[in-house]
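A.B. asks: Kindly return the folded structure for what I paste below:
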Amino acid sequence: MVDDDRDILDVIQFILEDSGYTVETLSNGNFLFDKLRSFKPDLVILDIMLGNMDGRELCRDIKTNVETYATPVIMISASHALADINSPKGKPDDFIAKPFDIDALLSCVQRQIVA
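C.D. replies: Down below sits the predicted model:
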């Protein structure tokens, strides 16, 4: 999970860990690929607005990298619609709008992990 809002990170981490998932968090995208190599997640939840970084670009980097392209990415944002991130290269696997419903979050995560 990558989000520059520590409260959002903490809430989503709690929700997912309470549901049995192991969660690693980052408050910025600077070390995302280091984390992807060391942790090898089944899924990445990525905020669009990351302070001085654009999560859409990070998503594109994940999806166009030979080592990470198969990793599902769920984009999350309070200020962007799915249409804003629907580019042909680097398209996320799913989108969640903030504020989010807990059941919808869990359903989205489960859908991407079993896909």
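
A.B. asks: for this protein, what are the low-confidence residue spans?
C.D. replies: Per-residue confidence for the chain (pLDDT under 70) gives these ranges: 80-89, 115.

A.B. asks: Recalculate using a threshold of 50.
C.D. replies: 83 (pLDDT under 50).

A.B. asks: okay, which residue is most central for it?
C.D. replies: By CA atoms, centre = their mean, the mean C-alpha position of the chain lies nearest to Ile45, the distance being 1.5 Å.

A.B. asks: Surely that residue and Leu9 touch.
C.D. replies: No. The criterion here is CB atoms under 8 Å, and Ile45 misses it with Leu9 at 9.6 Å. Every C-beta, even on glycine, is put in place using the N, C-alpha and C of the backbone.

A.B. asks: and Phe100, that's in a helix?
C.D. replies: No. Going by DSSP: H, G, I helix; E, B strand; the rest coil, the assignment for Phe100 is coil, not a helix.

A.B. asks: thought it was touching Met75?
C.D. replies: No. Counting by CB under 8 Å, no contact exists between Phe100 and Met75, whose distance comes to 11.8 Å.
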